[in-house]
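Student: sharing a model prediction with you, sequence too.
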Number of protein chains: 2
Amino acid sequence: MALVNEHFLKLPGNYLFADIAKRVNVFRTTRRQAGLISLGIGDVTQPLCPAVIEAMHRACDEMGTDEGFRGYGPEQGYDFLREAILKNDFLPRGIHLDIDEVFINDGAKSDTGNIQELIRWDNSVGVTDPIYPVYLDSNAMIGRAGTKDDEGRWSNVVYLPCTAENGFVPALPDRRVDVIYLCYPNNPTGTVLTKDELRKWVNYALKNDTLIFFDAAYEAYIQNPDIPHSIYEIRGARKCAIEFHSYSKTAGFTGVRCGYTIVPKDLTAATLQGERIPLNPLWLRRQSTKFNGTSYLSQRAAEAIYTPEGKSQVKETIAYYMQNASRLLDTLRGLGLEVYGGENAPYVWMRTPDGVSSWQFFEQMLYGAQVVCTPGVGFGPSGEGYVRFTAFGSHEQTEEAIERIEKWMKR
Amino acid sequence: MALVNEHFLKLPGNYLFADIAKRVNVFRTTRRQAGLISLGIGDVTQPLCPAVIEAMHRACDEMGTDEGFRGYGPEQGYDFLREAILKNDFLPRGIHLDIDEVFINDGAKSDTGNIQELIRWDNSVGVTDPIYPVYLDSNAMIGRAGTKDDEGRWSNVVYLPCTAENGFVPALPDRRVDVIYLCYPNNPTGTVLTKDELRKWVNYALKNDTLIFFDAAYEAYIQNPDIPHSIYEIRGARKCAIEFHSYSKTAGFTGVRCGYTIVPKDLTAATLQGERIPLNPLWLRRQSTKFNGTSYLSQRAAEAIYTPEGKSQVKETIAYYMQNASRLLDTLRGLGLEVYGGENAPYVWMRTPDGVSSWQFFEQMLYGAQVVCTPGVGFGPSGEGYVRFTAFGSHEQTEEAIERIEKWMKR
């Protein structure tokens, strides 16, 4: 008899954003108004930049000719892109990586979800809370997270609250954890860690033989020159950290699918007998068995981001979104609300007024202002009482949303 | 202490084709001859057809405009493609599927590797032997395959030999197995199953509550109208089978990355308590947690295959490759060799002469004729004493390879 993986049955039925979509659809079918504005799911809206479009056209043309056609690429990605990454994202920050420490992915979601395959099913997991749901759901699916209590807490997970009370700086765990997920600039709170704060984590990891899964998907939004873009800016990190990057937010690639993961060759995990096993070849084995590389066109598209034109065009779009973030911050603050993030990240994190719950506020604003946000509790227990706004709308939509929120709040 | 997933350490160090590439490189560096011809890895060589190229250009243009830009697509794929699949690949064969039974993937390798996540780690696994290595390696990585003996056999796997002796028709297992992998047209042997033979498997599965993972990646190469293209042509299959499709071989998409997986809503697996759990929503949950859809451009490219122009262009390329298969079959047969497959599949499976081993023949032909094949034993114990040739070369390269093999063999 084929037996189901019962760990799946412990998961909440829906992925957070599917849940939101459902509620939005209920709204849409009961109120036949046009003009709902979503500042909910963190999806980009601005077209791909010209340098990327040109590169994709060129790659299309190649694929239609005998000489230019490309079949299977290397599972770990093409060298042209891996070299561009080393040269542009790491060398200027004084980080020297080997090309085979770079693995091209089809977006950070896949790799942050799959990376847990490398470790034993019974390792303990630590997460900052609130957090991107994929980290925990992917551990839950293999049984590593344990069981879920009524408040949505997994039994084998150590939660590190990030709230207004601690300035969104997580305290080091009070016990040993085997692996820890960090995401900075943070999704969903939009907050960042200074180099000193991040150094504490690297030192904790080195001392406790903890593996850090560092999600840097939003690093392109950092404005303050003192904030680290990569965990490898911290000495010792290549002995304890895997880092995930994505072009989804950097260059609007949510529909194009490309990013990369760094697995340093110095990084090891232990067998039960205490033997140290390098994780770089294990990840290569995983990827060459269960992945066939991301589309050639997507890799050429990503390469174009590193040309002088690409760089300046991408920067422009980021500035465009950051203007939204700044407008949202100012307006919500002007309304007397407590808001965080939004300065080095495309997310604004807001405490709900009068202590209403996240979902309650979500519904109130949906029906009152026809604006969609993301309920903070969807990102974990410490997200209760907060909501997330994204800066990824167009200026027009964001301004319209701001106007509606103001009108609704002042009513 | 972060503990490694020790199941990875039981795997052979290299994926088969990485192993081949290494030996080829050794050859290349020791003999500085040009003109090595590979009929090894099953990778296409002919350019994408014009209908696909046009569709990709159009999709590029869309992505560069405000109105046309697309961010995240649905994780299960765009409806435009799912509808084209239902209408073209299934309805004409009398198979009625719902749109939410179709999941667009980034190639069959990912999904055939990931599908095992849905079942308990201790389910027993059956495979025809020889077989595509991903099926077993992906099970080994989670510990389901057990341990590997000296002959490369996993302890928890039931092997169903397919050899010249049984006409490459696997016998039903002599015991119950929980899940079974079938691939028809078969990789690597190039052989097929008739409807009657496939019906035996569906009946076995229904009787034993066995789950069939059916890989139909090569169905577009079927020439004989009596050979089933989909397991759902067999009554009852939607209660016991998941089917994988890929555009990689159908339309040369090995570098584009797109395919699809069918998970029927009637399909269930049991909990330990005997409750039946539908696998369709579980797969959706898996995909929406660890996958973000394949590139929009790749999905538009796939859609174009179903236009009248696309259909005839794709058919032409398949005929082109099948001409290679037929030439290989004729020549090798003419040389007195035992060859199989190649009539409804792009692979020719050859018994090595004089009982030499697969790897020995691989090396002999590499150094003797500068032609690369794939050693059959790389696909499993029953592949020992065979090698695989692919028909995916250009006519010119294939003819040149044939000439070299003839010359070398007659020496």
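Tutor: Now that the structure is in, tell me what you want to look at. The model shown is predicted, which means the values in this text are computed figures rather than measured ones.
Student: look up phi and psi at residue A:247.
Tutor: Dihedral angles of residue A:247 (phi, psi; degrees, to the nearest 10) stand at phi -90, psi 0.
Student: who in the stretch 251-400 of chain A is up against chain B?
Tutor: A:252, A:254-257, A:269-272, A:277, A:279, A:281-282, A:285-286, A:288-298, A:394 (CB under 8 Å from any CB of the partner chain). Backbone N, C-alpha and C define where each C-beta goes, glycine included.
Student: in strands only, show me the residues you listed.
Tutor: Within those, residues falling in strands by DSSP state E are A:269, A:270, A:277.
Student: excluding chain neighbours, what is closest to the residue of the stretch 251-400 of chain A found nearest chain B?
Tutor: Closest approach between the stretch 251-400 of chain A and chain B, counting by CB to the nearest CB: residue A:290, at 3.4 Å. Leaving aside its sequence neighbours, residue A:290 sits nearest to residue B:113 (CB to CB, 6 or more residues apart in numbering or on different chains; 3.4 Å).
Student: what's around residue A:88, how many residues?
Tutor: Residue A:88 has 15 neighbouring residues, counting by other CB atoms under 10 Å in any protein chain shown.
Student: pretty sure it sits in a strand.
Tutor: No. Using DSSP: H, G, I helix; E, B strand; the rest coil, the assignment for residue A:88 is helix, not a strand.
Student: neighbours around the closest residue to residue A:360 other than its chain neighbours, how many?
Tutor: Nearest non-adjacent residue to residue A:360, counting by CB to CB, 6+ apart: residue A:352, 7.6 Å away. Look at residue A:352: counted by other CB under 10 Å, it has 23 neighbours.
Student: before we move on, what about residue A:57?
Tutor: Residue A:57 has 17 neighbours, counted by other CB under 10 Å.
Student: repeat for residue A:411
Tutor: Residue A:411, neighbours per other CB under 10 Å, totals 7.
Student: please apply the same query to residue A:205.
Tutor: 25.
Student: follow-up on the earlier one: does the residue nearest to residue A:360 really touch residue A:383, like I thought?
Tutor: No. Between residue A:352 and residue A:383 there is no contact under CB atoms under 8 Å: 10.6 Å.
Student: which parts of the stretch 51-200 of chain A are strands?
Tutor: Listed in chain order, the strands of the stretch 51-200 of chain A (DSSP state E, counting those that start in this stretch) span A:102-105, A:125-129, A:157-161, A:179-183.
Student: the residue nearest to residue A:290 contacts residue A:288, correct?
Tutor: No. Contact criterion CB under 8 Å: residue B:113 and residue A:288 do not qualify, at 10.4 Å.
Student: so who does residue A:103 touch?
Tutor: A:76, A:77, A:111, A:260, A:261, A:262, A:263, A:283, A:284, A:287 (CB atoms under 8 Å, 6 or more residues apart in numbering or on different chains).
Student: residue A:241 versus residue A:118, what's the distance?
Tutor: The spacing between residue A:118 and residue A:241, counted by CB to CB, to the nearest Å, is 13 Å.
Student: which of these two has more neighbours?
Tutor: Just comparing residue A:118 and residue A:241: by other CB under 10 Å the higher neighbour count belongs to residue A:241, 27 against 23.
Student: kindly state the pLDDT recorded for that one?
Tutor: Residue A:241 is assigned a pLDDT of 98 by the prediction.
Student: one more: residue A:128?
Tutor: Value for residue A:128, per-residue pLDDT: 98.
Student: that older thread, columns neighbour count and distance to residue A:5 on top of the ones in strands among the residues of the stretch 251-400 of chain A next to chain B, output as a markdown table?
Tutor: What follows is these, written out as a markdown table (neighbours: other CB atoms under 10 Å in any protein chain shown; distance: CB to CB, whole Å):
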| residue | neighbour count | distance to residue A:5 |
| --- | --- | --- |
| A:269 | 24 | 23 |
| A:270 | 17 | 26 |
| A:277 | 18 | 25 |
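Student: nearest to residue B:69, of those?
Tutor: Closest approach between these and residue B:69, by CB to CB: residue A:269, at 41.1 Å.
Student: pretty sure the closest one contacts residue B:2?
Tutor: Yes. Taking CB under 8 Å as the definition, residue A:269 is a contact partner of residue B:2 at 4.4 Å.
Student: give me the common contacts of the two.
Tutor: By CB under 8 Å, 6+ apart, the residues touching both residue A:269 and residue B:2 are A:119, A:211.
Student: against chain B, how distant is residue A:25?
Tutor: With distances taken as CB to the nearest CB, to the nearest Å, residue A:25 is found 14 Å from chain B.
Student: neighbours of that residue, how many?
Tutor: Residue A:25: 10 neighbours (other CB under 10 Å).
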